[in-house]
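[1] what follows is a predicted protein model with its sequence.
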Amino acid sequence: MKKNRLFGYCALAALMLSSCKDSPSVPEVTTPEASEYSVWVATATGSYLLTTDEIMKDTLLSPANNKGVDITGNLPQARYAGYAYIFNGFYYLSNDGTRFSKHQLVETPQGLVFKEVDNYAFPSAFYLGKMASQFSTTDEIVFTSTGASDANLEKKIFEKDIYFMNTKDMTLNKTLKAQIPTLDYTVYKKDGTVDPTILNVTSMRIAGGKAYFGLFYYDSDYNVVSKKAYAYICDYPSMANGHIMSDDRASYVAGHWQRENYSFLDDNNNLYLLTRGKTDGTFALMRVNNGKYEFDKSYLYDLKDYAVKGGDLAWLGDGKAYIRPYVIDIANQKIVANLAEMTGGDPTTTINLIQDGNLYTAVKTPAAKWFIYEYNIKNNTVKKGAEIDPGVTQVYHINKLK
């Protein structure tokens, strides 16, 4: 049995490819509620879905008075929203264990409830990693787990799985394996023994017949081993012709192992990776041009003078990208919008909504009020929408359900 390491808060487990269903019975699906949007929030005591047909309406979205759907019992902790994916009206959740479950909001005589409608049981602990959301259909979603295999010392590789899941019956259609090289030197522990270095993939993007991974290497104490920025590129879907590249002009790639992607591709399929800066607490942006297998030495956008928050990076089109809280002109390396200044608060949403030329994000004001804001990409303007209950402590997702 091949052991894999997961980075979910020091959880180490194995990933295999066999399929089975978890034992609890699957409830019968009733007619789903037809709300247009859901906003996934947390309070001091639980997690809720706030549904609405208009996120830009002057109204209050609140879990109070039975206006929100309580999903607290479906999550080990509120932060597991970071291991969730919402598509086509379904919610795909990771749990503390093997279960990867599919949920839906359904209408009952008692009101809206959050029900599990199917699940897939991995043979060992599983946490949702990166999504290839452009491939999501009514029948299939494509994703990674948070971890990779243990290093194969003979082949000198880590295997990173890309799963294709049939969402009709929650079974795996196929699995592709990226073979990402280990470091070309041995890492030792303080006692002189060999350290089993771990791979952390902070981003995955797929386009133009290529798969792109941003990554760094951990030691067994979860310390970054090399301060270089690393990226791996291979052909897709064959996963052949892989190439690892590194660059030390800034520092290691930024990011986490869960849903947020710390890279983006522009309209020409050039890859941009957010990295740590040379100074602690700062960031930089690096580029790999389409068709190339080295970092572009002519491009380094040093963001040391800006309060970059990271999170899920997004290509907005029109030459712009969103790196919270900034909208950036990538080619000219300049800030074109600071959503914190424009809204007078702190944009905090983990996974934002982008549709019809607009970015939607939740903003917390200095008065501890929450509002959804719409940023118009073309006009470079913001507009305030629905208010969210001030008792909310975090807004994780803004999602379109239909």
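    Received, thanks.
[2] need the contact list for residue 234.
    Residue 234 is in contact with 178-179, 210-211, 240-243, counting by CB atoms under 8 Å, 6 or more residues apart in numbering. (C-beta placed from N, C-alpha, C; glycine too.)
[3] show me those residues that map onto strands.
    With strands identified by DSSP state E, the entries of the contacts of residue 234 that belong to them are 178-179, 210-211, 243.
[4] of these, grab the buried ones for PyMOL.
    One line in PyMOL is enough to select the buried members of the ones in strands among the contacts of residue 234, burial here meaning 16 or more other CB atoms under 10 Å:
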select buried, resi 178+179+210+211
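[5] can I get the ones in strands among the contacts of residue 234 in CSV with distance to residue 262?
    CSV is the format used below for the ones in strands among the contacts of residue 234 (distance: CB to CB, whole Å):
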residue, distance to residue 262
178, 17
179, 22
210, 18
211, 16
243, 20
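[6] hey, what's residue 174 bridged with?
    Here residue 174 shows beta-bridge partners residue 164, assigned using DSSP bridges.
[7] closest one to residue 400 out of the ones in strands among the contacts of residue 234, please.
    Checking those against residue 400 by CB to CB gives residue 211 as the nearest, at 26.5 Å.
[8] OK, contacts around the closest one?
    162, 178, 204-205, 233-236, 239.
[9] kindly report the same for residue 227.
    Residue 227 makes contact with 248, 251-252, 276, according to CB under 8 Å, 6+ apart.
[10] and which of these is nearest to residue 218?
    Checking the contacts of residue 227 against residue 218 with CB to CB, the nearest one is residue 252 at 10.2 Å.
[11] ok, back up a step: show me which pair in the contacts of residue 234 is furthest apart.
    Pairwise distances across the contacts of residue 234 peak at 14.8 Å for 179 and 210 (criterion: CB to CB).
[12] and the helices in the chain?
    All helices of the chain, identified by DSSP state H, fall at 339-343.
[13] give me the distance between residue 301 and residue 203.
    Taking CB to CB, to the nearest Å as the criterion, residue 301 is separated from residue 203 by 17 Å.
[14] higher neighbour count, the two?
    When neighbours are counted by other CB atoms under 10 Å, residue 203 comes out ahead of the other of residue 301 and residue 203, with 26 against 18.
[15] state the distance from that one to residue 400.
    Using CB to CB, one gets 23 Å for the distance from residue 203 to residue 400.
[16] likewise for residue 128?
    19 Å.
[17] try residue 312
    Taking CB to CB as the criterion, residue 312 is separated from residue 400 by 16 Å.
[18] more neighbours: those two, which one.
    For residue 312 and residue 400, the more surrounded residue by other CB under 10 Å is residue 312, and the numbers stand at 19 against 16.
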